[in-house]
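Peer 1: below are the sequence and a predicted model; questions follow.
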Amino acid sequence: MAERGYADVSVELIVKRAHVSYKTFYRHFGSKEECFVALFESALDGTEKKIRARLDAEPVPWAEQVALVLRTLIDAIVADPVIARAVIVEAPSVGPAVAERYQQATKALVPLFRAGRELNPRGAELPETLEDTLAGSVFWSAYQRLVVGEVEQLDAYLPVLLELVLRAYLGPEEASRIARADAPTRQPALA
């Protein structure tokens, strides 16, 4: 599905590529969409478990939590770009159930980001939709890199994403300092 797009994949192609019979396929899934939902949920669950394990390993300040979550998300995408492409690029077009679950997944970052309001003396004055916008920006950045085949650049783009998220809560100087400290050795070109 990541290679061809959801619309161009048939159950016939799935069973051929998986080297299983139709009977085996339909024993596990009622349709192509149901098969995709299983893939989607498996990928999300795995990433969520990695994030939760890293957050639970040791309590860290909020900005470090944000860096850890973004780093874990980017690591998961870079580690398996084919699955990431299916989940991030193809999912919104599969159907209403998957589109709704996709929206829930993008909003999973909102509570973490919203906790940053406590660090800003004017946090209550920040726009109500700020966290939704920031979470959407993170996923949109991954989406763009996956579509153009530049997934390996996501790691270098991480400091930009981190600064983007932290800036509204900590101010530009502190956000920049933290992002530079968390930066890998290679930086992306800003166009």
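Peer 2: Nice, thanks for sending it over. Everything quoted here is computed from the prediction, not taken from an experiment.
Peer 1: tell me, how many residues neighbour the residue nearest to residue 99 when sequence neighbours are not counted?
Peer 2: Once flanking residues are discounted, residue 99 sits nearest to residue 92: 5.4 Å by Cβ to Cβ, 6 or more residues apart in numbering. From N, CA and C alone the C-beta is placed, and that goes for glycine too. When neighbours are defined as other Cβ atoms under 10 Å, residue 92 has 14 of them.
Peer 1: got it, and residue 96?
Peer 2: Counted with other Cβ under 10 Å, residue 96 comes out at 7.
Peer 1: which pLDDT value belongs to it?
Peer 2: On pLDDT, residue 96 comes in at 85.
Peer 1: quick one: the helices in this structure?
Peer 2: Under the criterion DSSP state H, helices of the chain are mapped to 11-18, 22-28, 32-57, 62-79, 81-84, 96-107, 110-114, 130-147, 154-170, 172-182.
Peer 1: nearest to residue 3, of those?
Peer 2: Comparing those by their distance to residue 3 (Cβ to Cβ), the top pick is helix 81-84, with 7.3 Å.
Peer 1: packing partners for that closest one?
Peer 2: helix 32-57, helix 130-147 (3 or more Cβ pairs under 8 Å, 6 or more residues apart in numbering; DSSP states H and E).
Peer 1: alpha carbons of the shortest one, in CSV - could you do that?
Peer 2: Okay, so that is helix 130-147. Output in CSV follows, covering the C-alpha atoms of helix 130-147 (Å, rounded to 0.1, in the frame of the first residue of the first chain):
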residue,chain,number,x,y,z
LEU,A,130,-2.3,26.2,19.2
GLU,A,131,-1.6,22.6,20.2
ASP,A,132,-3.7,21.1,17.4
THR,A,133,-1.8,23.3,14.9
LEU,A,134,1.6,22.2,16.3
ALA,A,135,0.7,18.5,16.3
GLY,A,136,-0.6,18.8,12.8
SER,A,137,2.7,20.5,11.8
VAL,A,138,4.7,17.6,13.1
PHE,A,139,2.6,15.1,11.1
TRP,A,140,2.6,17.3,8.0
SER,A,141,6.4,17.6,8.1
ALA,A,142,6.6,13.8,8.2
TYR,A,143,4.0,13.5,5.5
GLN,A,144,5.9,15.8,3.2
ARG,A,145,9.2,14.0,3.7
LEU,A,146,7.6,10.6,3.1
VAL,A,147,5.9,11.8,-0.1
